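Visitor: Generate a structure from the sequence data that follows.
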Amino acid sequence: LALAGFDGKIKLFDPASAKEIFTLNSPKMVMHGVAFSPDGNTLAAGCNPLGNDDQPLWSGKGPSSIVLWDLRTRKEVRRIKGFFGKALAVTFSPDGKVLGSAGQPQGTSPSVKLWDWRAGKLLSDLHGFRQFVSSLEFSPDGRQIAYFRFNNPEAGKERLLILPSEGGEEKILYGGAVNGGLQDPAWSPDGKTLAAGCNRGFMKLWDVNERRELHNVRVSQKLAVLAVAFDSNRPHHRHRHRANVTYICAWAGQGNDEGELKLWDAATGDERTNLRGHTHAVTALAFSPDGKLLVSGSNDKSVRFSGC
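Guide: Modelled structure (predicted):
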């Protein structure tokens, strides 16, 4: 388990014992978008200059970079410096050959890029001029990429899009006002469904192929859904081939209110269970590869491991 911080450190933990194994350091930088390679041997992260005390932490001057470490040697193996603007998200393709990056553009630099990370070579730019992209994720087969972008920051508009990883025409799954506040998208294991949380207290699921909304679940009148994740490997008692989607929610726009963690059936949109324990907003989560553990991070400065 890797945890990135605004202090330039990435801490690695053993999920079984919850003990810290070692720490990777990048002084005077802010780390974003940590991702493991599929074989688990390489870790990538967006690395941005640290801002001044009166500025957002990641607003420092200078180009950002993408840093890769070999976890077997615990050494930095490559620093990709061709990312201008801010690097806010990274993701590996399922075959581990390509690294995708996204963020805040600078000048004419596109927001979404694909890299041959072993060679440090840019393969392609997937998005145009001055588009803010906060997150991206490859589909399970690696043929598509889902991401959010602000297509008109002045008008406050955002979109959830699907784009072929080889380049091609975008497919719009959602387009609306920025106060909807969509969060990081998550693919179902079969690649047919996308899920995302919303600051208005909804969890949304879409059929990717038909480009239609499957469920729009009202979670709360006052809480924001900040992250979603699919349980991809553990079969369930009634529907052995249905994955569960998990969402987390916290007060919209607040960081010190109690967070909730709930499990839902992705096929029906029905709530399955409600987990508690964090004292502040929950802002990130992930299932273990075997689906037996759910890891959640919170503004209460804790990470919790919950059995599923």
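Visitor: Number of residues surrounding residue 7?
Guide: The local packing of residue 7 (other CB atoms under 10 Å) involves 16 other residues. For every residue, glycine as well, the C-beta is placed using N, CA and C.
Visitor: can you check the one 10 residues further on too?
Guide: Taking other CB under 10 Å as the neighbour definition, residue 17 ends up with a count of 9.
Visitor: Tell me the secondary structure at it.
Guide: Each residue gets one of three states, and residue 17 gets coil by DSSP: H, G, I helix; E, B strand; the rest coil.
Visitor: just the one 4 residues further on next, same as before
Guide: When classified by three-state DSSP, residue 21 comes out as strand.
Visitor: pLDDT score assigned to it?
Guide: Listed pLDDT for residue 21 reads 92.
Visitor: Now the closest residue to it other than its chain neighbours: which helix or strand?
Guide: The spatial neighbour of residue 21 that comes closest, neighbours along the chain excluded (CB to CB, 6 or more residues apart in numbering), is residue 12 at 4.6 Å. In this assignment (DSSP states H and E), residue 12 forms part of strand 9-14.
Visitor: correct me, but the residue nearest to residue 21 touches residue 25?
Guide: No - using CB atoms under 8 Å, residue 12 is not in contact with residue 25; the gap is 11.9 Å.
Visitor: Please say which of the two ends up with more neighbours.
Guide: residue 12 (16 against 11).
Visitor: residues in contact with the more buried one?
Guide: 1-2, 20-24, 43, 71 (CB atoms under 8 Å, 6 or more residues apart in numbering).
Visitor: ok, 7 Å please
Guide: By CB atoms under 7 Å, 6 or more residues apart in numbering, residue 12 lies in contact with 2, 21-22.
Visitor: Centroid-nearest residue for the chain?
Guide: residue 184 (5.0 Å; CA atoms, centre = their mean).
Visitor: Run the chain-centre distance for the helix or strand where residue 297 lies.
Guide: Residue 297 is part of strand 293-298 when elements are defined by DSSP H and E. Strand 293-298 sits 14 Å away from the centroid of its parent chain (CA atoms, centre = their mean, to the nearest Å).
Visitor: Touching the following helix or strand past that strand from outside, list them.
Guide: Downstream of strand 293-298, the next assigned helix or strand under DSSP H and E is strand 303-307. With CB under 7 Å, 6+ apart as the test, strand 303-307 has contacts from 3, 15, 18, 275, 277-278, 292-297.
Visitor: Reformat these as TSV; add neighbour count and pLDDT.
Guide: Output for these, formatted as TSV (neighbours: other CB atoms under 10 Å; pLDDT from 0 to 100):
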residue	neighbour count	pLDDT
3	17	86
15	16	82
18	13	82
275	19	75
277	15	76
278	22	78
292	15	77
293	18	81
294	21	82
295	19	84
296	23	83
297	20	80
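Visitor: Relative to residue 135, which of the residues you listed is nearest.
Guide: Taking CB to CB as the measure, residue 297 is the one of the contacts of strand 303-307 closest to residue 135, at 15.8 Å.
Visitor: The closest one contacts residue 283, doesn't it?
Guide: Yes - assessed by CB atoms under 7 Å, residue 297 is found in contact with residue 283 at 6.1 Å.
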